[in-house]
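Visitor: Compute the structure for the input listed below.
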Amino acid sequence: MSIIEKLWGLRESLVEFKEVGPGSPHGLYIYDKEKDVWVLFSSKDSDVFLPKVDGYYIIYFDNSRCSACRKYDLHWFPYIRQNSQKLPDHYFIIVLCDWFARECKSPVASNTFTYYAVHASPTTVLLYVKNGKEVYRETYDGYLKIDELEKVVGGFKSRVEAYEKGMKVSKPIEEGQDIIKLLKQLLSGVREDV
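Guide: Below you'll find the model as predicted:
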């Protein structure tokens, strides 16, 4: 069963990419762990991506004209390849447009940018879905390095479990730090040492 069939019950012709980047078609991509490819999900309608299958969703909002996104790619793709097999109930998604919802040739990608209120690039949204409904969400603006992805994605399931037990949950990257980091990236020309 393909990842598209599992998540949406759809059987359609699939376009696969080794990596997604500025030259890729706009749209919503789902990582197929078994094949190590990103599958372009094309929808005939303009629905928003709302996960219905229970699990943990890591969504990377990417703009093809975003220099910080290209820096993020250097960490995102290796992290996914190295860790996705260790995270069996995690789904990795990329939403790609030229420039947010305003300049996008994919209705589902454009509407997904709008629905999740993404106004910084890159942005990573983590969702936990249980019984077909979103239960918990975290958002990180700016690119994350591999060690930050380890903290953010690797510890997401533990934070969700704590949240479900009624415990206070703190993001592993301090609130407000992601905005400061993004500003530093923009002001410094996106240096690696930010």
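
Visitor: can we go C-alpha only for contacts and neighbour counts from here?
Guide: Fine.

Visitor: Look at Val53 and say how many residues are nearby.
Guide: 18 (other C-alpha atoms under 10 Å).

Visitor: Can you verify my assumption that it contacts Val129?
Guide: Yes - under the criterion of C-alpha atoms under 8 Å, Val53 makes contact with Val129 at 7.1 Å.

Visitor: ranges for the helices of this structure?
Guide: With DSSP state H as the criterion, the chain has helices at 3-8, 67-83, 107-115, 146-152, 156-164, 177-187.

Visitor: what's the second one in contact with?
Guide: This points to helix 67-83. Applying C-alpha atoms under 8 Å, 6 or more residues apart in numbering, the external contacts of helix 67-83 come out as 19, 21, 36, 62-63, 92, 121-122, 142-146, 149, 185, 190, 192.

Visitor: Next, the contact list for Asn63, please.
Guide: Counting by C-alpha under 8 Å, 6+ apart, Asn63 has contacts Pro22, Cys69, Leu96, Cys97, Asp98, Trp99, Phe100, Ser121, Pro122.

Visitor: Report the beta-bridge partners for Phe61.
Guide: Bridge pairing for Phe61 (DSSP bridges) gives the partners Val95, Thr123.

Visitor: mind listing what it touches?
Guide: Ile94, Val95, Leu96, Phe113, Val118, Ser121, Pro122, Thr123, Thr124, Val125.
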